[in-house]
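**Student:** 3D model of this:
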Amino acid sequence: METIEFETLYNYNTLKSGITVLVKIYFGNEYRELNAKFDTGAENCIFERKHGERLGIEIELGEEQIFSTANSHFIAYKHELKLSVLGIETTSDVYFAKEESFTRNVLGRQGWLDRIKFGLIDYEGKLFLSEYK
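**Tutor:** Reported below is the predicted structural model:
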């Protein structure tokens, strides 16, 4: 048997689709709050374009990346930002979608899930988190 300890317990609504948390993204002295979903199937953290623009980021100056989904593809641009989620702060490469029609915000494996300890009891709506040290 192995034991894992967590610093944070977050109770989420199991009647809603996905696990949504409040995220603060920082660029320079500015920050923006947004809701994002935990997505263990997403390779990267990807946010709506408008959030980057409101921070003053010139989206297309980031490194371009093409992402593929089960039924389509889209372009996003990489930028290094500080993220704060449920009291855990990290600096990560995140992507902002090129198209304004992209309306999802996801916390993916690289840049977020690879930096935390993550536990889940979905039946009870409990998310356990700690910074990975």
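**Student:** if I pick the closest residue to Gln110 other than its chain neighbours, what's in contact with it?
**Tutor:** Closest residue to Gln110 in three dimensions, ignoring its sequence neighbours and counting by CB to CB, 6 or more residues apart in numbering: Asn44, at 5.2 Å. No exception for glycine: its C-beta is placed from N, CA and C like everyone else's. By CB atoms under 8 Å, 6 or more residues apart in numbering, the residues touching Asn44 are 65, 67, 93-95, 108-111.
**Student:** Redo those residues as JSON lines? Include pLDDT, distance to Gly28 and neighbour count.
**Tutor:** Shown next, in JSON lines, are these (pLDDT from 0 to 100; distance: CB to CB, whole Å; neighbours: other CB atoms under 10 Å):
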{"residue": "Gln65", "pLDDT": "97", "distance to Gly28": "23", "neighbour count": "16"}
{"residue": "Phe67", "pLDDT": "94", "distance to Gly28": "26", "neighbour count": "16"}
{"residue": "Asp93", "pLDDT": "96", "distance to Gly28": "16", "neighbour count": "15"}
{"residue": "Val94", "pLDDT": "97", "distance to Gly28": "15", "neighbour count": "29"}
{"residue": "Tyr95", "pLDDT": "98", "distance to Gly28": "19", "neighbour count": "27"}
{"residue": "Gly108", "pLDDT": "96", "distance to Gly28": "24", "neighbour count": "22"}
{"residue": "Arg109", "pLDDT": "95", "distance to Gly28": "26", "neighbour count": "15"}
{"residue": "Gln110", "pLDDT": "95", "distance to Gly28": "23", "neighbour count": "14"}
{"residue": "Gly111", "pLDDT": "93", "distance to Gly28": "19", "neighbour count": "23"}
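**Student:** Pick out the most distant pair among those.
**Tutor:** Gln65 and Arg109 (14.5 Å; CB to CB).
**Student:** All set, thanks.
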